[in-house]
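J.: A predicted structure for the sequence below; I have some questions about it.
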Amino acid sequence: MNLRPEQLAAQLDKPLAPLYVVHGDELLTIEAADAIRAAGRRQDYVEREVLVVTSSFRWDDLFLAAGNLSLFGGNKLIDLRIPSGKPGRDGGEALARYCSQLASGVVTLVSLPPLDWQAKKAAWFVKLAAAGIAVECTAPTAEALPRWIGDRLARQNQQAPRQALEFIATHVEGNLVAAHQEIQKLALLFPEGDLTPADIESAVLNVARYDIDALRDALRDRDVARCARTLEGLKAEGAALPLVLWSLANEARQRPAPANIRALLHAARIDRMIKGVAKGDVWDEMLQLAIRLTRMGTA
């Protein structure tokens, strides 16, 4: 059975299925997996075992986990995470075999990143989806993102006009983690009820504006220590990552070629990290880019 994320809550009110597969956008996948784990706790799945598939993972451990039930006689949830989305030949065969012998009293949760069409047609994934419930956590399109933000605001009893929702959507550039951070910030800064465009602009931009300007000044003064302090402050206050990266990339464009090409390539790599398609510590990489920029001359 295939479900959309918004259909999952109703299904979790019923007895849990033996197998769940969640895949797609990082934030939405985490939320779907959290909901399944919470339902497991409500339904007395008292033990949880986490298995993370790496290059050295032994697939026999999955079968051992399913066979080793709780000493206290309760049900068990196996939390299998495949960060690469590629179990490999041995893993694919193991998953297909696992689906054919799902153990009683065990719920298995398989978490995957976004999958392309080829991965969705792979035999191992088809077996997983057929054996349980697959939840594809697709990020909203650019056109649908303002409505998605509005729905999230409604969960915390706040509302905003379309203009304000579009402002947030433009600011986060499609990054759902950044949008989530901004929505949480609004809950902390303002009471429940209606938010004005001015409220949202002040929360999204003005809180970080001083530090963004300070970062720009530190870069132009080639002050590495001040760059580091300012980035740390932006991180602590939850500044939107796309906004900080935009400031760094804009400074890179002011530098002479060919050095600015390397800096812009570095910024592009950070952008991929923010979007979840590359691995790395985003804030550390932005610090490294800032240091690179302080060592470059201005145009």
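T.: Perfect, thanks for sending it. Numbers count the residues shown, from 1 in each chain.
J.: where do the helices sit along the stretch 101-250 of the chain?
T.: 117-121, 123-131, 145-155, 162-172, 176-189, 197-201, 207-220, 224-236, 241-253 (DSSP state H, counting those that start in this stretch).
J.: Between those, which one is closest to residue 107.
T.: helix 123-131 (12.0 Å; CB to CB). Bear in mind the C-beta positions are built from the backbone N, C-alpha and C, glycine included.
J.: and stretch 136-149, which residues are buried?
T.: 136-137, 139-140, 145-146, 148-149 (16 or more other CB atoms under 10 Å).
J.: ok, and what's touching that stretch?
T.: Residues from elsewhere that reach stretch 136-149, judged by CB atoms under 8 Å, 6 or more residues apart in numbering: 2, 4-5, 22-25, 28-29, 31-32, 162, 165-166, 168-169, 174, 176, 179, 183.
J.: Show me which of these are buried.
T.: For the contacts of stretch 136-149, buried by 16+ other CB under 10 Å: 5, 22-25, 28-29, 31-32, 165, 168-169, 174, 176, 179, 183.
J.: pretty sure residue 94 contacts residue 80?
T.: No. Taking contacts as CB atoms under 8 Å, residue 94 lies outside contact range of residue 80: 10.6 Å.
J.: what stretches of the stretch 151-299 of the chain score poorly on pLDDT?
T.: By pLDDT under 70, the weakly predicted segments of the stretch 151-299 of the chain are 205-211, 256, 258, 297-299.
J.: Assign a three-state SS to residue 16, would you?
T.: What DSSP: H, G, I helix; E, B strand; the rest coil gives for residue 16 is coil.
J.: Residues that sit against both of residue 94 and residue 80, list them.
T.: Going by CB under 8 Å, 6+ apart, residues that sit against residue 94 and also against residue 80 are residue 62.
J.: Tell me which of the two has more neighbours.
T.: residue 80 (23 against 20; other CB atoms under 10 Å).
J.: With just CA atoms, put the helix or strand where that one lies into PDB.
T.: Residue 80 belongs to strand 76-81 when elements are defined using DSSP states H and E. Extracted as PDB, the C-alpha positions of strand 76-81 are listed here (Å, rounded to 0.1, in the frame of the first residue of the first chain):
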ATOM      1  CA  LYS A  76       9.600  -5.000  19.000                       C
ATOM      2  CA  LEU A  77      10.200  -2.200  16.400                       C
ATOM      3  CA  ILE A  78      13.300  -2.600  14.100                       C
ATOM      4  CA  ASP A  79      14.400   0.800  12.900                       C
ATOM      5  CA  LEU A  80      16.500   0.100   9.700                       C
ATOM      6  CA  ARG A  81      18.100   3.200   8.100                       C
END
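J.: to the chain's geometric centre, what's the distance from stretch 11-29?
T.: 16 Å (CA atoms, centre = their mean, to the nearest Å).
J.: tell me the mean pLDDT over that stretch?
T.: For stretch 11-29, mean pLDDT rounds to 93.
J.: For it, give me every contacting residue.
T.: Under CB under 8 Å, 6+ apart, the answer for stretch 11-29 is 1, 3, 5, 32-33, 35-36, 39-40, 43, 45, 85, 99, 102, 106-115, 125, 128-129, 131-139, 176-177, 180, 276.
J.: Produce a PyMOL select command limited to the buried residues of the residues you listed.
T.: In PyMOL, this line selects whichever of these come out buried by 16+ other CB under 10 Å:
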select buried, resi 3+5+32+33+35+36+39+40+45+99+106+107+108+109+110+111+112+113+114+115+125+128+129+131+132+133+134+135+136+137+139+176+177+180+276
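J.: Just the contacts of stretch 11-29: which are in strands?
T.: Judged by DSSP state E, the contacts of stretch 11-29 include 3, 106-112, 133-137 as members of strands.
J.: Same list (those residues) but as JSON lines, adding pLDDT and distance to residue 293.
T.: As requested, those are exported to JSON lines (pLDDT from 0 to 100; distance: CB to CB, whole Å):
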{"residue": "3", "pLDDT": "88", "distance to residue 293": "46"}
{"residue": "106", "pLDDT": "92", "distance to residue 293": "52"}
{"residue": "107", "pLDDT": "94", "distance to residue 293": "50"}
{"residue": "108", "pLDDT": "95", "distance to residue 293": "47"}
{"residue": "109", "pLDDT": "96", "distance to residue 293": "43"}
{"residue": "110", "pLDDT": "96", "distance to residue 293": "42"}
{"residue": "111", "pLDDT": "95", "distance to residue 293": "37"}
{"residue": "112", "pLDDT": "95", "distance to residue 293": "37"}
{"residue": "133", "pLDDT": "95", "distance to residue 293": "48"}
{"residue": "134", "pLDDT": "95", "distance to residue 293": "44"}
{"residue": "135", "pLDDT": "96", "distance to residue 293": "42"}
{"residue": "136", "pLDDT": "94", "distance to residue 293": "40"}
{"residue": "137", "pLDDT": "93", "distance to residue 293": "36"}
